[in-house]
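In: Sequence and predicted structure are below.
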Amino acid sequence: MSADRIYLYKRYERFWHWSQAVLVIFMLFTGFEVHGTYHLLGFKTAVVYHTLTAWTLLTLWAFTIFWQFTTGEWTQYIPTIKKVDAMIRYYSIDIFKHAPSPYKKTSAKKHNPLQRLAYLAVLAMISPLIWGSGLLYLFFSSWSDFGLDKYLSLEGVAMLHTAGAYMMLVFVIAHVYLTTTGHTPLAHIKTMITGWEDAEDEH
Ligand code: HEM
């Protein structure tokens, strides 16, 4: 083991990351079929797969939240505005001049300040929006049992859910683009597969 390598992502972390990626992409794929954007699986099949995947994702999240808290890794998501300006300058200008990143990763602080803010937006805004509207959508037939039909409209819930889906799509696209900004286009992907990051990624 060389000192030039740091162990960033533990085994469970890599497992939840890739399973979540596959599940979220599948949610986007089936969700936009339900929305009517294209016709590939058929509406009914898309709804069945979308619902099944939602429950799988919910189970994965339950385990992952437990893991984040028992390992203390949740502290990695606490936001900071220190160096955010430097990161914005880096991603918009300096990166194209092959300048070094202003942020040095360590296993205790593995997300740069901009990443922290982006993940917080996903955790605190996009996910609650998608899950809240998704569960309401799923249990539409029980709204009257809880008196919710007086306050909610299916169109409104569908619109919120679709808005959340677009935000998730934008996040996935930006996230995949940023994975290519390591010392080689696939360096960050390799790190998320093996857990190890090479020191060259700092340059
Ligand atoms: C990354 C996560 C997700 C994405 C990208 C996504 C996307 C979408 C989209 C685009 C639609 C079509 C909306 C419309 O046109 O009315 C949809 C429908 C739906 N989604 Fe999601 N969704 C996600 C997560 C969830 C979750 C977590 C649940 C439930 C807990 C859920 C439940 C539903 C239901 C019940 C429908 C309506 C299906 C029907 O028409 O019967 N979704 N989703």
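Out: Arrived safely, thanks for sending.

In: Strands of the chain, residue ranges please.
Out: Assigned by DSSP state E, the strands in the chain fall at 5-7, 196-198.

In: Near the ligand, which residues of this protein? Just list them.
Out: Contacts of the chain with the ligand, taken as CB under 6 Å from any ligand atom, map to 24, 27-28, 31-32, 34-35, 47, 50, 54, 130-131, 134-135, 137-138, 158, 161-162, 165, 168. (Each C-beta comes from the backbone N, C-alpha and C, glycine too.)

In: Residues contacting stretch 22-32, please?
Out: Applying CB atoms under 8 Å, 6 or more residues apart in numbering, the external contacts of stretch 22-32 come out as 38, 41, 46-47, 49-50, 53-54, 56-57, 60, 165, 168-169, 172.

In: and what of stretch 54-68?
Out: Applying CB under 8 Å, 6+ apart, the contact partners of stretch 54-68 are 12-13, 16, 19-20, 23-24, 27, 73-74, 77, 131, 134, 138.

In: Can you get me a residue count around Gly134?
Out: The tally of other residues near Gly134 (other CB atoms under 10 Å) stands at 22.

In: So the chain: which segments form each domain?
Out: 25-71, 72-203 (automatic domain parsing).

In: Skip the chain neighbours and tell me the closest residue to Ala158.
Out: Spatial nearest neighbour of Ala158, excluding adjacent residues (CB to CB, 6 or more residues apart in numbering): Tyr137 at 6.8 Å.

In: To clarify, my last question referred to Ala46.
Out: Leaving aside its chain neighbours, Ala46 sits nearest to Glu33 (3.9 Å; criterion: CB to CB, 6+ apart).

In: Which residues are in contact with the one you found?
Out: Neighbouring residues of Glu33 by CB under 8 Å, 6+ apart: 39-41, 43, 46.

In: Can you say which of those are buried?
Out: With neighbours counted by 16 or more other CB atoms under 10 Å, these contain buried members at 41, 46.

In: Report the two of the contacts of Glu33 separated the most.
Out: Leu40 and Phe43 (10.4 Å; CB to CB).

In: pretty sure His111 contacts Gln76?
Out: Yes. The pair His111 / Gln76 is scored as a contact, 5.7 Å apart, by CB atoms under 8 Å.

In: Distance check, Gly36 against Glu155.
Out: 14 Å (CB to CB, to the nearest Å).

In: How about Val170?
Out: Distance, Val170 to Glu155, by CB to CB: 23 Å.

In: Which of those two has more residues huddled nearby?
Out: Each of Val170 and Glu155 has its neighbours counted (other CB under 10 Å); Val170 has more, 11 against 8.

In: thinking again about what came up before, what's the ChimeraX syntax to select whichever of the contacts of stretch 22-32 are buried?
Out: This is the ChimeraX syntax for the buried subset of these, where burial follows 16+ other CB under 10 Å:
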select :41,46,49,50,53,54,57,165,168
